[in-house]
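K.L.:
Build me a model:
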Amino acid sequence: MSERESMEYDVVIVGGGPAGLATAIRIKQRAATANQDISVCVLEKGAEIGAHILSGAVMDPQALTELIPDWKDKGAPLNIEVNADKFVFLDEKGAKETPMWMLPDCFKNHGNYIVRLGDVTKWLGEQAEALGVDIFPGFAAATLLYTEDGSAVRGVITGDMGVARDGTHTAHYQPGMELLAKYTIFAEGSRGHLGRQLIEKFKLDEGKNAQNYGIGIKEMWEVDPSQSQPGLVMHLAGWPLDSDTYGGAFLYHLDNNIVVVGLVVGLDYANPWLSPFEEFQRFKTHPYVRSTFEGGKRLAYGARALTAGGLLSLPKLVFPGGALVGCEAGFLNASRIKGSHAAIKSGMMAADAIVDALSNNREYDELSAYPAAFEDSWLHSELNKARNFKLWFKKGRTMGTLMTGIEQLVLKGKMPWSLRNTKPDHAFLQPAASCQRIEYPKPDGKLTFDRLSSVFISNTNHEEDEPIHLTLKDAAIPVKLNLATYAGPEARYCPAGVYEFIKNDSGEDQLQINAQNCVHCKTCDIKDPSQNIVWVPPQGGEGPVYNGM
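P.N.:
As a prediction, the model looks like this:
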């Protein structure tokens, strides 16, 4: 085996999304002001910066304005200011719009922008590079490196390239590289595979609520000009999800007749027959919704898990040698359905702690100034007001809607109680025999679609002969437990057709993993009922290539 090469930096950042790039930008800004030389690199597993970015997205510009006050002059792609809000409750055939006076502030978007977050991320990458940040797209951080005594993070190793399915090295083999740093920042997004290991090793979630997740499924459409209303933000709740299943949908109107539509389903759902992908397709057939898309053209598709537990599920943010930022930690404000501003702000606070530590010749220790800054920030105040939002909806839509109204409209986010939850999402799944089977209609190829045609327009690509990156702790469990007890839920919760149960040559059931379809959403890693599936990164540069999603 070839000896690994090493590169040393002051700071290595894993993940080239808004949180990671904001961290890098802020470090370089502070270093320039103090005439310091701080070396920073950003590793991004996507083929390019923004390739794996998937979000709603309505963006609160507050954190961006703090980071880059002249972002408008520098051409940041925030062009469509929100000019209208709608919140709609659907039943099977009807729709009821909520009067604006009844909406809590968390559902109002005045002063925010409808953006294509992938484009914003590309722009942030350009700002980082202009400041001297080394950005390496197409390199997945595969392994953690620790100091000799194992007490602190020392950096990461990027994944090997050119490994065949059987583990042998092809003619294109290249060993991964060691990236060493005084501090390593993890900004992998929701359910980052290294972040998950760090949380477990350092017990960062001790005493916290169990983390909650959702899966967001999204399409981008070019609609008939008569249906386009640039600046309109519409959120919808109710049908097709039942009252016990957390979720909601959105339609955001951009310019050039572009509308993005999506559905978020909480991954604490109980019925294993439920398919978030099919629920999303069914949502578009509602009479209130379908008129927007009839005669239009679907341009893009994607899916991604989101971390929705909020403040009460937020792990300890620091450990010896590094920190968690953005959705890696779980800074999403689920009540506002916004996370990009929180990602940027968290990165800035971590960066300030890093610069101060390096100025004092520190390394590999805990950046305690970062969580302290968070406690005193507007971001903490914002998340504190919404701390119970997701937990109330665990008690059903009626209770969730009622208590959100009381907490946000009546108490103005100053409630004297905090709810507890110790049950992870996968533990909510019930045996298939005790649940009502859901029959979904076949797609029509015009308004509704199947998984494979959807994956095709996500531009997803993986080498056919590389090792499968959806790994199983026990190869027998999918048939023995998942299929036997839960009717094979992985075939339904995956939005990309990765998992299917087939008969082998002996007529026995077996799980087939179509890893080349994977859009890196991480849903399987979260929802598998026995936590038998572990997502690990494939070769760098693979996966989806979202076009400004």
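K.L.:
Now for the nearest residue to residue 409 once chain neighbours are set aside: which residues touch it?
P.N.:
Closest residue to residue 409 apart from its sequence neighbours, by C-beta to C-beta, 6 or more residues apart in numbering: residue 104 at 5.2 Å. In short, each C-beta sits where N, CA and C put it, glycine included. Residue 104 is in contact with 335, 404-405, 408-409, counting by C-beta atoms under 8 Å, 6 or more residues apart in numbering.
K.L.:
Of those - the most surrounded one?
P.N.:
residue 335 (24 neighbours; other C-beta atoms under 10 Å).
K.L.:
Report the separation between that residue and residue 238.
P.N.:
Per C-beta to C-beta, to the nearest Å, residue 335 is found 17 Å from residue 238.
K.L.:
Mind checking which of the contacts of residue 104 land in helices?
P.N.:
Of the positions in those, 404-405 sit in helices, assigned by DSSP state H.
K.L.:
Which of the contacts of residue 104 sits closest to residue 169?
P.N.:
Of all the contacts of residue 104, residue 335 has the smallest distance to residue 169: 49.6 Å, by C-beta to C-beta.
K.L.:
what's the distance between the closest one and residue 390?
P.N.:
For residue 335, the distance to residue 390 equals 8 Å [C-beta to C-beta].
K.L.:
Dihedrals phi and psi, the residue lying closest to residue 533 once chain neighbours are set aside?
P.N.:
Sequence neighbours aside, residue 524 is the residue nearest to residue 533 in space, at 4.6 Å (criterion: C-beta to C-beta, 6+ apart). Per-residue torsions, residue 524: phi -60, psi -40 (degrees, to the nearest 10).
K.L.:
Which residue ranges of the stretch 1-150 of the chain form helices?
P.N.:
Ranges of helices in the stretch 1-150 of the chain, per DSSP state H, counting those that start in this stretch, are 18-33, 62-67, 117-130.
K.L.:
Spit out the contact partners of the nearest residue to residue 334 once chain neighbours are set aside.
P.N.:
Nearest in space to residue 334, with sequence neighbours left out and distances taken as C-beta to C-beta, 6+ apart, is residue 308 at 4.4 Å. Residues in contact with residue 308 (C-beta under 8 Å, 6+ apart) are 212-214, 266, 330, 332, 334, 390.
K.L.:
can you tell me which of those lies nearest to residue 457?
P.N.:
Nearest member of the contacts of residue 308 to residue 457, counting by C-beta to C-beta, is residue 214, at 22.4 Å.
K.L.:
you'd agree the closest one is up against residue 245?
P.N.:
No: look at residue 214 against residue 245 with C-beta atoms under 8 Å: they stay out of range, at 10.7 Å.
K.L.:
Need the residues touching each of the two.
P.N.:
Counting by C-beta under 8 Å, 6+ apart, the common neighbours of residue 214 and residue 245 are 265-266.
K.L.:
More neighbours: the two, which one.
P.N.:
Taking neighbours as other C-beta under 10 Å, residue 214 and residue 245 compare with residue 214 leading, 28 against 19.
K.L.:
Within the helices and strands, which one has that one?
P.N.:
Under the criterion of DSSP states H and E, residue 214 resides in strand 213-222.
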